[in-house]
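Enquirer: Provided below for reference: sequence and predicted model.
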Amino acid sequence: MPIHLKVSESDVAERVVVVGDPARTRQLANMLNDARLVNENRGFLTYTGTYNGVRVTIATHGIGAPSAAIVIEELISAGARVIIRLGTAAALSSSIGLGDVIIPSGAGYNTGGIYSQYLGGNVAYPAVPSHDVLLSLIRGFTESGLRFLVGPVYSSDAFYAEEDLPRIMGSRGVLGVEMECAILFLLGLIRGVRTGAVLVVTNNLTEGRFSRFLTAEELEPIMNRVGAAVLKVISGLPT
């Protein structure tokens, strides 16, 4: 049994959607049929049920790469083979609107910290999603009619130190900033599991750190639509 997720292999589906917020875990679990709570230890709420007749797990990974890495590693050890992160991001371009969707084609990160611990030094290793998962997400969201953009994001470890990112990275084509995609993609490459991500834009850093931010009430219906699209995609993926 994993140390932090009190689950057995039978509790975790091969297809997993991971999210940062426990409230979002419950929201997505309500979209499943016969959803069963399989873990609540450490606040990492995890549910397993079915979507379109296919077993899917929804798991909470918390905030930041170290927390996410623990959960992702333990999900893999329990049998996860395809993992898609559904999260939020701050836009780094004024042309990106609140509620828009970013499908990351890769995630930048700073060398050092958890990345160097996994890689064994200052290696500029590409953190990219699995090609087939990325293509399936693009196809699925095209069919959904939801507005989305495809491109690189930056995974930050410092939520309150991001004010200069539109100038530093947004001007160079990076679409948004979040905190967990790079470690998910990296672990997918290292552990041999397939990964992808979908991010909903909740604020735009070109307008400043404390500019307009989608409230939980505004985000809920958006996440219902985006979550349904992600669940449709992952339930159709082979393992």
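Expert: Thanks, I have the structure now. Numbers count the residues shown, from 1 in each chain.
Enquirer: buried set for the stretch of helix or strand residue 229 belongs to?
Expert: Applying DSSP states H and E as the criterion places residue 229 in helix 216-236. By 16 or more other CB atoms under 10 Å, the buried positions in helix 216-236 come out as 219, 222-223, 226-227, 229-235. Any C-beta I mention is one placed from the backbone N, CA and C, and that applies to glycine too.
Enquirer: what would those residues look like in TSV with distance to residue 147 and pLDDT?
Expert: As requested, the buried residues of helix 216-236 are exported to TSV (distance: CB to CB, whole Å; pLDDT from 0 to 100):
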residue	distance to residue 147	pLDDT
219	15	97
222	11	97
223	15	97
226	11	98
227	16	98
229	12	98
230	15	98
231	19	98
232	17	98
233	17	98
234	20	98
235	23	98
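Enquirer: Residue 80: what's its closest spatial neighbour, skipping adjacent residues?
Expert: residue 16 (4.5 Å; CB to CB, 6 or more residues apart in numbering).
Enquirer: next one: residue 197
Expert: residue 85 (4.2 Å).
Enquirer: Next, count neighbours for residue 208.
Expert: 11 (other CB atoms under 10 Å).
Enquirer: for residue 207, same thing?
Expert: 14.
Enquirer: The one 5 residues further on now?
Expert: Applying other CB under 10 Å, we find 11 residues neighbouring residue 212.
Enquirer: Also the one 3 residues further on?
Expert: A count of nearby residues for residue 215, using other CB under 10 Å, gives 9.
Enquirer: hang on, the earlier thing: just send the buried residues of helix 216-236 back as JSON lines, with distance to residue 170 too.
Expert: Below are those laid out as JSON lines (distance: CB to CB, whole Å):
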{"residue": "219", "distance to residue 170": "22"}
{"residue": "222", "distance to residue 170": "22"}
{"residue": "223", "distance to residue 170": "24"}
{"residue": "226", "distance to residue 170": "22"}
{"residue": "227", "distance to residue 170": "27"}
{"residue": "229", "distance to residue 170": "26"}
{"residue": "230", "distance to residue 170": "25"}
{"residue": "231", "distance to residue 170": "30"}
{"residue": "232", "distance to residue 170": "31"}
{"residue": "233", "distance to residue 170": "27"}
{"residue": "234", "distance to residue 170": "29"}
{"residue": "235", "distance to residue 170": "34"}
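Enquirer: Out of the residues you listed, which is nearest to residue 139?
Expert: residue 233 (8.0 Å; CB to CB).
Enquirer: Now residue 1: closest residue in space, sequence neighbours ignored.
Expert: residue 8 (6.3 Å).
Enquirer: now swap in residue 235 and tell me
Expert: Per CB to CB, 6+ apart, closest to residue 235 is residue 54, 4.1 Å.
Enquirer: Please list all residues in contact with the one you found.
Expert: 15, 235-236 (CB atoms under 8 Å, 6 or more residues apart in numbering).
Enquirer: ditto for residue 188
Expert: Taking CB under 8 Å, 6+ apart, one finds 83, 129-130, 194-195 in contact with residue 188.
Enquirer: now residue 226
Expert: 86, 101, 146, 198, 200.
Enquirer: picking up where we left off before, mind putting the contacts of residue 188 into JSON lines with neighbour count?
Expert: Putting the contacts of residue 188 into JSON lines (neighbours: other CB atoms under 10 Å) gives the following:
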{"residue": "83", "neighbour count": "31"}
{"residue": "129", "neighbour count": "26"}
{"residue": "130", "neighbour count": "19"}
{"residue": "194", "neighbour count": "22"}
{"residue": "195", "neighbour count": "26"}
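Enquirer: Sort out which one of the residues you listed lies nearest residue 204 for me.
Expert: Nearest to residue 204 among the contacts of residue 188, with distances taken as CB to CB, is residue 129, at 23.6 Å.
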